[in-house]
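Undergrad: Here's a sequence, model it:
(one chain, ligands or ions: 2)
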Amino acid sequence: MLTLCIESSCDETAAAVIRDGRNILSNIVASQVDVHARYGGVVPELASRKHVEAVSVVINAALEEAGVSLSEIEGIGVTRGPGLIGALLVGISTAKAMAWALDIPLVAVHHMEGHILAPFLEDPPEFPFLALAVSGGHTHLYRVDGIGHYRIIGQTLDDAAGEAYDKVAKLLGLGYPGGALIDKLAGQGRPDAIVFPRPMLHRPNFDFSFSGIKTAALQYVEKVDKEIDDQHRADIAASFQEAMVEVLTLKTLRAATQEGLERIVVAGGVACNSGLRRRFQELAGKQGGRIYFPSPSLCGDNAAMLGVPANYYLEHGQHADTKLNAISSWPLDMVGVI
Ligand code: KG4
Ligand code: ZN
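TA: Ligands and ions are numbered 1, 2, ... in the order given. The predicted structure follows:
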């Protein structure tokens, strides 16, 4: 089955052609980063306008790269939410119009479902597994018993991990989005230079809180501002990253033990983080579990990741119709309910 997938939940307009929910024939992403960088974050209205400009270009590019014509596409998968309503509506309206015009089925996919199923495009894990979804809007631990069967084990009570990265990067004057920039700078700094807090690390639950680390970084920078040179900035980045990586890895591994799960998927934009990837591999090796990280191109927002659930829902006849609407806030365990 050839599926066209469309993603427009935030600041990337993306389209992909996937065969049988497994093989990526194309995966095109048009990023709006340059548009939003000057504002230090995503401006929703600008995002919607840019999606309108890019969506057909990106779809045509995906079809061309895949070497397939529109008439060969057998189903369309689109992100329904969560995300920015105006942004989501661009992808949804396009997908509905195409499905109607081509007379093929349409399916709605949860953005985080795409992220955590991305490993199935490369090195499929067996069910059940634990998924840590870490992105600009999410830091969630899910127990995944199958496609469509997700249970929330823990989640952030305030900032998402990516959001904390972006805010600390801004504070250090590194630019937006800041996660990758902090990650790079951290390589030149000492992770033990400053001891930032590890919020909720020792609580007996699997929730996270990152606003405390971010505030500690802010207070530290305000205190030493005039003395900050490049080495000091790298030390702050490395120490911040150390705190984030420690909390994320230890809580995730503890959750896996409690749930009796040996396989862990780490997905979402923050899963590109080199420190996080390294530490997870080290610790999981010791614990005897296996970690699945998608390739970096499948960690950040993309449409290929929708191919796995889209194919499944198409095969199971869980089709959407022309009444399909965007949904900004949609817990993953409500997939199939709303
Ligand atoms: O999944 P994603 O592309 O979009 C959302 O669904 O939010 O994640 C974007 C987030 C941003 O906050 C970005 O700073 C962060 O992922 N990110 C990183 C790295 N690369 C991207 N955070 C830490 N280290 C990285 N290497
Ligand atoms: Zn995402």
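
Undergrad: Could you tell me which residues of the stretch 201-338 of the chain lie near ligand 1?
TA: 268, 269, 270, 272, 273, 300, 301 (CB under 6 Å from any ligand atom). C-beta: built from backbone N, CA, C; applies to glycine.

Undergrad: The last one: which element?
TA: When secondary structure is defined using DSSP states H and E, no element contains residue 301, which sits outside every helix and strand.

Undergrad: Can you tell me which residues in the chain are near ligand 2?
TA: 135, 301 (CB under 5 Å from the ion).

Undergrad: could you point out the longest helix in the chain?
TA: helix 230-259 (DSSP state H).

Undergrad: Now do it: distance to the chain's middle.
TA: 18 Å (CA atoms, centre = their mean, to the nearest Å).

Undergrad: With adjacent residues omitted, what lies nearest to the most centrally placed residue in the chain?
TA: Compute the mean C-alpha point of the chain, and by CA atoms, centre = their mean the closest residue is residue 268, 2.5 Å away. Ranked by CB to CB, 6 or more residues apart in numbering and with sequence neighbours excluded, the top spatial neighbour of residue 268 is residue 135, at 3.4 Å.

Undergrad: Pretty sure that neighbour sits against residue 156.
TA: No: Residue 135 lies out of contact with residue 156 (CB atoms under 8 Å); the separation is 10.9 Å.

Undergrad: So in that sheet, which strands flank whatever helix or strand comes next after the longest helix of the chain, and in what orientation?
TA: Where DSSP H and E defines the elements, the next helix or strand beyond helix 230-259 is strand 263-267. Using DSSP bridges, the strands paired with strand 263-267 are strand 129-134 (parallel), strand 290-292 (parallel).

Undergrad: Give me the angle between the next helix-or-strand element following strand 263-267 and helix 230-259.
TA: Following strand 263-267 in sequence order, the next helix or strand is helix 274-287 (DSSP H and E). Relative orientation of helix 274-287 versus helix 230-259 (axes from the mean of the first three to the mean of the last three CA atoms, to 10 degrees): 40 degrees.

Undergrad: that older thread, the residues of the stretch 201-338 of the chain next to ligand 1: which two are farthest apart?
TA: 273 and 301 (15.6 Å; CB to CB).

Undergrad: out of the two, which sits in the more crowded spot?
TA: residue 273 (28 against 24; other CB atoms under 10 Å).

Undergrad: which residue packs closest to the more buried one, ignoring adjacent ones?
TA: Take residue 273 and drop its neighbours on the chain: the residue closest to it by CB to CB, 6+ apart is residue 183, 5.2 Å away.

Undergrad: On the pLDDT front, check the one you found for me.
TA: Looking at residue 183, its pLDDT reads 98.

Undergrad: now do residue 40
TA: 88.

Undergrad: So what does the nearest residue to it once chain neighbours are set aside look like in phi/psi?
TA: Closest residue to residue 40 apart from its sequence neighbours, by CB to CB, 6+ apart: residue 176 at 5.2 Å. With angles defined as degrees, to the nearest 10, residue 176 sits at phi -130, psi 140.
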